[in-house]
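**Student:** requesting a structural model of the entry that follows:
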Amino acid sequence: MNGAQALIHSLVDAGVDVCFMNPGTSEMHFVHALDAVPAMRGVLAMFEGVATGAADGWARVTGRPAAVLLHLGPGLGNGLANLHNARRAHSPVLCVVGAHATGHVAYDAPLQSDIESSARTVSGWVHTSGTSRSVAADAMRALEATGRDGGQVATLVLPADVSWSGGGRRAPRRPAVARTPVEKSVVDDVVDATGDGDATMLLLGGAALTERGLRAASRISRATGTRLLVERFVTRMEAGAGVPTVRRQAYPTEHVRSQLDGVRRLVLAGTPAPVAFFAYPGLESDHVPAGCEVIELADVSQDVETALESIADRVAAGTEPQLPALDAPEPEPGPLTVAGLAAAVAATLPENAVVVDEGLTSSMGLPPALATANRHTLLTLTGGAIGQGLPAATGAAVGAPDRPVLSIEADGSALYTIQALWTQARERLDVTTVIVNNAAYAILRAELARTRAGEPAERASRMLDLSDPTTDFVSISRGFGVPARKVTTAQDLVVALREAYAEPGPHLVEAIVPPVA
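**Tutor:** Take a look at the predicted model:
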């Protein structure tokens with residue numbers, strides 16, 4: 001075997017049988033090796049940010065390490081934004097970056113760059129493989145590294161000659177990294193804290209947002225009065241009818257302050273202490289109330305589910321979680337609004353769907369509407385780098401082919417990675433995309449007010465507007481091979497969604513909704 005064949009064989013043996021990619025010349029032996037290892041499925045993306053975002057989505061829905069192949073430093077650079085989101089999501093992602101052949105580096109060819117330095121901005125582990133004999137073992141070390149610290153990006157730089165040279169040999173997978181248990185003394189501290197009733201709050205994130213974690217948290221809250229809150233941007237959360245409903249942290253700083261008002265003990269369960277997304281004049285960046293005691297029950301690398309169940313068994317023995325019933329009525333008729341959009345999505349959502357939410361300002365009505373919709377899994381924009389939604393939905397559909405995937409996407413964010421539609425069409429993925437077209441950077445209008453920069457005049461206002469021209473997403477979608485239609489009313493959105501779910505393959509609905517700000 002050459003190095004590329006040994007690498008791919010070892011990945012497949014370790015359970016990594018999908019690789020998202022946008023390859024170039026230095027990766028051709030890796031691509032050619034796909035024929036020698038047919039168990040590896042290569043998924044082509046027309047932009048590196050789609051490939052990295054898809055790997056993130058795949059890792060989130062499968063719970064397994066994902067693989068992505070990129071072309072040299074510029075290819076890595078194009079994929080960095082969604083690798084940043086994957087880092088913030090603690091997604092286990094193995095990023096293989098092709099590099100020039102070892103002997104070619106000295107010539108400083110046009111695509112030569114410092115790949116390792118770029119990779120370290122998003123990776124917890126970086127290594128350049130030196131020989132075809134060791135490349136598979138290097139990959140297994142990288143795969144092990146993706147499971148550390150609750151999940152992380154690990155980057156393996158693969159020189160072209162390491163791929164093409166003979167002498168490659170398979171390497172066995174290393175043991176997976178297990179979550180560490182929470183110390184009993186910490187559990188005792190949280191049990192004591194629940195005695196303060198609603199002056200104590202459990203802030204939930206990470207693995208606490210599984211059904212196990214949410215049911216335990218609901219039991220604790222019902223028995224003790226402890227308040228519950230979910231981190232603002234969730235990696236993966238189970239939600240819908242039959243799963244406890246927990247309010248999510250607000251985005252605006254002033255709203256978070258009111259959510260935490262009166263909290264004297266803040267228990268962190270799988271998430272760090274809350275901070276403002278940005279700095280604002282006259283507002284503190286730390287959301288923790290003055291004088292509030294912070295207790296870290298578990299960080300992202302610890303077994304927070306078992307810890308929450310242990311607490312629930314001690315303070316809420318015999319108490320059942322509060323579970324919402326299915327209640328998703330049809331939306332009120334009339335032109336689409338943010339509320340009507342949310343109601344239509346909830347009323348039509350299929351059972352066991354994956355919902356990828358990057359609707360930003362247009363998603364404000366989704367959490368309460370989806371709380372009583374069919375059971376589903378929610379993925380959101382963890383790192384704030386927009387352009388994550390369409391790729392993550394693509395990867396989720398590859399990773400969970402038996403589950404319908406719904407992508408709620410803002411118009412501005414969609415344009416960052418619209419090429420994901422091409423991959424959805426090529427792979428015939430069951431993804432329904434709703435692009436909310438308000439022809440505005442509504443979130444930036446709101447941010448302008450929060451930063452107290454003043455009212456925008458003509459030149460500034462033009463930077464916050466997406467009209468002139470207004471993007472025709474129906475035409476773009478059809479050009480990529482995805483059937484599409486435009487809707488302007490709640491009734492039409494309901495019809496369009498039901499028809500899309502009923503027909504295999506990808507579909508896009510362009511929803512015309514006025515901006516909220």
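
**Student:** tell me the helix or strand right after the helix or strand containing residue 57.
**Tutor:** In this structure, residue 57 sits in helix 48-62 according to DSSP states H and E. Beyond helix 48-62 on the C-terminal side, the first helix or strand identified by DSSP H and E is strand 66-71.

**Student:** so which other helices or strands are in contact with that following strand?
**Tutor:** Packing contacts for strand 66-71, counted by 3 or more CB pairs under 8 Å, 6 or more residues apart in numbering; DSSP states H and E, involve strand 18-21, helix 48-62, helix 72-89, strand 93-99. Just so you know, the C-beta spots here come from the backbone N, C-alpha and C atoms, and that holds for glycine as well.

**Student:** any weak-confidence spans in the stretch 401-517 of the chain?
**Tutor:** Residue ranges of the stretch 401-517 of the chain with pLDDT under 70: 517.

**Student:** just name the most buried of the helices and strands packed on strand 66-71.
**Tutor:** Among the helices and strands packed on strand 66-71, helix 48-62 has the highest mean neighbour count (mean count of other CB atoms under 10 Å), at a mean of 30.

**Student:** which phi and psi values does the residue of the chain positioned farthest from its centre adopt?
**Tutor:** In the chain, the residue that sits farthest from the middle, by CA atoms, centre = their mean, is residue 107; the gap is 39.3 Å. Reported as degrees, to the nearest 10, the phi and psi values for residue 107 are phi -90, psi 0.

**Student:** from residue 23, how far off is it?
**Tutor:** In this structure, residue 107 and residue 23 are separated by 22 Å, where distance is defined by CB to CB, to the nearest Å.

**Student:** buried sites along the helix or strand of the chain with the lowest mean pLDDT?
**Tutor:** The helix or strand of the chain with the poorest confidence is helix 442-450; it has a mean of 79 (mean pLDDT, DSSP states H and E). Buried residues in helix 442-450, counting neighbours by 16 or more other CB atoms under 10 Å, are found at 442-448, 450.

**Student:** starting at the chain centroid, how far to that helix?
**Tutor:** 24 Å (CA atoms, centre = their mean, to the nearest Å).

**Student:** only alpha carbons, please: show it as CSV.
**Tutor:** Output for helix 442-450, consisting of C-alpha atoms alone and laid out as CSV, is shown next (Å, rounded to 0.1, in the frame of the first residue of the first chain):
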residue,chain,number,x,y,z
ALA,A,442,-31.5,42.9,10.4
ILE,A,443,-29.1,41.6,13.1
LEU,A,444,-26.6,44.3,12.3
ARG,A,445,-29.3,47.0,12.5
ALA,A,446,-30.0,45.8,16.0
GLU,A,447,-26.3,45.7,16.8
LEU,A,448,-25.9,49.2,15.6
ALA,A,449,-28.4,50.4,18.2
ARG,A,450,-26.8,48.3,21.0
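
**Student:** identify the residues contacting it?
**Tutor:** Identification of contacts with helix 442-450 by CB atoms under 8 Å, 6 or more residues apart in numbering yields 252-253, 278, 280, 360-362, 410, 456, 460, 463-464, 515-517.

**Student:** and if we set it to 6 Å?
**Tutor:** Around helix 442-450, the neighbours that count as contacts under CB atoms under 6 Å, 6 or more residues apart in numbering are 280, 360-361, 464, 515-517.

**Student:** make JSON lines out of the residues you listed and add distance to residue 85.
**Tutor:** Written out in JSON lines, the entries for the contacts of helix 442-450 read as follows (distance: CB to CB, whole Å):
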{"residue": "280", "distance to residue 85": "23"}
{"residue": "360", "distance to residue 85": "14"}
{"residue": "361", "distance to residue 85": "19"}
{"residue": "464", "distance to residue 85": "24"}
{"residue": "515", "distance to residue 85": "24"}
{"residue": "516", "distance to residue 85": "24"}
{"residue": "517", "distance to residue 85": "24"}
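
**Student:** dump those into a markdown table; add neighbour count, secondary structure and distance to residue 30 as well.
**Tutor:** Conversion of these to a markdown table gives the following (neighbours: other CB atoms under 10 Å; DSSP: H, G, I helix; E, B strand; the rest coil; distance: CB to CB, whole Å):
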| residue | neighbour count | secondary structure | distance to residue 30 |
| --- | --- | --- | --- |
| 280 | 16 | coil | 46 |
| 360 | 25 | helix | 36 |
| 361 | 21 | helix | 41 |
| 464 | 18 | coil | 43 |
| 515 | 20 | coil | 45 |
| 516 | 18 | coil | 46 |
| 517 | 15 | coil | 46 |
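
**Student:** and those, which is closest to residue 316?
**Tutor:** residue 360 (36.5 Å; CB to CB).

**Student:** and the closest residue to the closest one other than its chain neighbours, what are its bridge partners?
**Tutor:** If you skip the residues right next to it in sequence, residue 360 has residue 410 as its closest partner in space, 4.5 Å away by CB to CB, 6 or more residues apart in numbering. Following DSSP bridges, residue 410 is listed with bridge partners residue 436.

**Student:** residue 410: neighbour count?
**Tutor:** Burial of residue 410 is recorded as 26 neighbouring residues (other CB atoms under 10 Å).

**Student:** equivalent analysis for residue 117, please.
**Tutor:** 10.

**Student:** what residues are up against residue 113?
**Tutor:** Contact analysis of residue 113 by CB under 6 Å, 6+ apart lists residue 73.

**Student:** mind redoing it with 8 Å?
**Tutor:** In this structure, residue 113 makes contact with 72-74, judged by CB under 8 Å, 6+ apart.

**Student:** against residue 127, how distant is it?
**Tutor:** From residue 113 over to residue 127 (counting by CB to CB), the distance is 17 Å.

**Student:** please apply the same query to residue 363.
**Tutor:** For residue 363, the distance to residue 127 equals 39 Å [CB to CB].

**Student:** more neighbours: the two, which one.
**Tutor:** When neighbours are counted by other CB under 10 Å, residue 363 comes out ahead of the other of residue 363 and residue 127, with 21 against 17.

**Student:** which non-adjacent residue is nearest the more buried one?
**Tutor:** For residue 363, ignoring the flanking residues on the chain, the nearest one in space by CB to CB, 6+ apart is residue 357 at 5.3 Å.

**Student:** part of a strand, is that neighbour?
**Tutor:** Yes. Counting by DSSP: H, G, I helix; E, B strand; the rest coil, residue 357 is part of a strand.

**Student:** hang on, isn't it packed against residue 366?
**Tutor:** Yes. Under the criterion of CB atoms under 8 Å, residue 357 is in contact with residue 366, at a separation of 6.2 Å.

**Student:** what's the overlap in contacts for the two?
**Tutor:** With contacts defined as CB under 8 Å, 6+ apart, the residues shared by residue 357 and residue 366 are residue 408.

**Student:** higher neighbour count, the two?
**Tutor:** Under the criterion of other CB under 10 Å, the comparison of residue 357 against residue 366 puts residue 357 first, with 25 against 22.

**Student:** now do the same contact list for that one.
**Tutor:** Taking CB under 8 Å, 6+ apart, we find residue 357 in contact with 363, 366, 378-381, 389, 408.

**Student:** return a ChimeraX selection command for the buried portion of those.
**Tutor:** What follows is the ChimeraX syntax selecting those of the contacts of residue 357 that are buried according to 16+ other CB under 10 Å:
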select :363,366,378,379,380,381,389,408
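
**Student:** the contacts of residue 357 in helices, which ones?
**Tutor:** Counting by DSSP state H, the members of these that fall within helices are 366, 389.

**Student:** between the contacts of residue 357, which is nearest residue 81?
**Tutor:** Among these, residue 381 lies closest to residue 81 (CB to CB), at 10.9 Å.

**Student:** identify the residues contacting the closest one.
**Tutor:** Under the criterion of CB under 8 Å, 6+ apart, the contact list for residue 381 reads 85, 233, 357-358, 388-389.
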